[in-house]
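Peer 1: build me a model:
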Amino acid sequence: MATWTEIETAAPDLAALVRKRFDAHLHKTMATLRRDGSPRISGTEVTFADGEVWIGSMGGAVKVRDLLRDGRVAFHSAPLDTKMGDADAKVAGVAIELHDLAEIQRAWPEWEEQHGAGGAHAFRIDVTEVVATTVEGDELVVRSWNAADGERTRRRT
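Peer 2: Numbering: from 1, shown residues only. I've put the predicted structure just below:
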């Protein structure tokens, strides 16, 4: 597992491409695991702050229950370009809930303003995988990083 800073160091071009896609618009999709192990897709916002990947959620959300039970999670940038020239980006990892308001605000000063009271949850993501997929000419190009393999590029025609 890695921080976003570690990924930026290990795979700077890939990290920049994925970050650009995630920053391109507000809403992303998020996959969690239900109690029975089946997948659940939810909407979310992803924040990159203080060298980490973060998400927040209102209290009582089913995705929070999923994450508290099993922190494995994946995010998708939802590409806007149907030709995928701008990249289709994904980040996967393990969500760790943080409770210390000072620690949350140090990394994410807008936390209280954005999430307010009412039992909101803050999660830092320990990243396990980063992927960017593009179409270049007649090739599908998949750039990825994970701790075991490092950075890789695969091309398919």
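
Peer 1: what's the weakest-modelled helix or strand in the chain?
Peer 2: Sorting the helices and strands of the chain by mean pLDDT, DSSP states H and E puts helix 111-115 at the bottom, at a mean of 72.

Peer 1: and it, what does it pack onto?
Peer 2: Helix 111-115 sits against strand 52-57, helix 101-107, with contacts defined as 3 or more C-beta pairs under 8 Å, 6 or more residues apart in numbering; DSSP states H and E. Placement of C-beta: from N, CA and C, glycine included.

Peer 1: contact partners of the first one?
Peer 2: I take that to be strand 52-57. For strand 52-57, contacts defined as C-beta atoms under 8 Å, 6 or more residues apart in numbering pick out 3-5, 30, 44-48, 63-64, 75, 91, 93, 95, 107-108, 111, 114-115, 120-125, 127.

Peer 1: can I get the least confident helix or strand of the chain as PDB, trimmed to CA atoms?
Peer 2: Output of helix 111-115 as PDB, limited to C-alpha atoms (Å, rounded to 0.1, in the frame of the first residue of the first chain):
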ATOM      1  CA  TRP A 111     -13.500  19.100   5.700                       C
ATOM      2  CA  GLU A 112     -15.900  20.600   8.200                       C
ATOM      3  CA  GLU A 113     -17.200  23.100   5.600                       C
ATOM      4  CA  GLN A 114     -17.800  20.400   3.000                       C
ATOM      5  CA  HIS A 115     -19.100  17.700   5.300                       C
END
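
Peer 1: ok now it, how far from the chain's centre?
Peer 2: Centroid separation between helix 111-115 and its chain, computed with C-alpha atoms, centre = their mean, to the nearest Å, is 19 Å.
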